[in-house]
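J.: sequence unknown, structure follows:
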């Protein structure tokens with residue numbers, strides 16, 4: 001029997017590039033809120049071209065449980081689950097030709113907390129990982145509402161308050177000046193009297209213009 005020499009280090013495996021490889025990435029942790037759509041991101045890179053043999057499978061495992069549930073399957077077409085907790089709540093938001101295998105969950109509740117796994121197979125690729133995403137769904141707390149109220153206060157109420165304070169200060173100064181004048185027996189000069197007269201005249205002119213406009217409008221309406 002002829003013995004063939006064995007390379008140093010043992011038998012060599014075929015290079016990974018020859019067998020095909022694929023890399024899949026997903027968010028390790030995702031936080032969402034009750035009633036607000038949640039996107040579970042999953043992207044992949046494949047050394048093989050995309051064909052109709054490519055498949056995508058999303059599974060769900062509840063907390064403290066080993067039971068897994070299939071919630072989405074893709075192979076040329078989308079096949080969201082038609083039974084179970086996620087029935088009619090899973091939507092496809094990915095694009096396989098861009099390496100995107102993401103899905104979306106509508107109307108999430110705290111019962112959706114758990115682990116989601118994204119598996120992508122694209123023959124002849126054989127080497128690939130299956131990343132997992134831990135989803136935590138919570139109610140929007142008082143802190144979030146408080147931050148929104150604080151922002152609204154900064155944008156609306158604070159500027160309004162500043163304007164009111166400035167007006168009050170101005171009115172206070174004017175009132176103090178009038179009291180000081182009355183105590184000292186102050187009399188208006190001819191210039192101030194004329195200013196007041198001019199202001200009254202301007203008011204009369206403004207009222208007269210309004211009256212004229214009303215008359216014109218009434219005449220216009222009577223023609224019809």
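T.: Yep, that arrived. This is a predicted model, so every value here is computed, not measured.
J.: domains in the protein, as residue ranges please.
T.: By the assignment in automatic domain parsing, the chain contains the domains 16-139, 141-183.
J.: what does the average pLDDT come to for the longest one?
T.: In other words, domain 16-139. Averaging the model's pLDDT scores along domain 16-139 yields 92.
J.: likewise stretch 172-192?
T.: If you average the per-residue pLDDT over stretch 172-192, you get 62.
J.: follow-up on the earlier one: and the domains of the chain, which is most packed in?
T.: Mean neighbours per residue, mean count of other CB atoms under 10 Å, is largest over the domains of the chain for domain 16-139, with a mean of 16. The way it works is simple: take the backbone N, C-alpha and C, and place the C-beta from them, glycine included.
J.: can you give me the strands in this structure?
T.: Along the chain, counting by DSSP state E, strands occupy 22-26, 29-33, 38-40, 42-46, 55-61, 69-75, 77-80, 90-92, 103-105, 114-121, 132-138.
J.: Which one, of the ones you listed, ends up nearest to residue 168?
T.: Judged by CB to CB, the one of the strands of the chain that comes nearest to residue 168 is strand 29-33, at 42.3 Å.
J.: which residues sit against the closest one?
T.: The contact list for strand 29-33, computed with CB atoms under 8 Å, 6 or more residues apart in numbering, reads 38, 40-41, 105, 108, 133-140.
J.: ok, residue 37 touching residue 104?
T.: Yes - counting by CB atoms under 8 Å, residue 37 sits close enough to residue 104 to count as a contact (5.6 Å).
J.: Mutual contacts of the two, please.
T.: Both residue 37 and residue 104 lack any common contact, where contact means CB under 8 Å, 6+ apart.
J.: quick one: the closest residue to residue 38 other than its chain neighbours from residue 63, how far?
T.: Spatially, and ignoring its direct neighbours in sequence, residue 38 is nearest to residue 32 (3.7 Å; CB to CB, 6 or more residues apart in numbering). Applying CB to CB, to the nearest Å, one obtains 15 Å for the distance of residue 32 from residue 63.
J.: One more: residue 49?
T.: With distances taken as CB to CB, residue 49 is found 39 Å from residue 63.
J.: same deal with residue 23?
T.: Spatial separation of residue 23 from residue 63 under the definition CB to CB is 28 Å.
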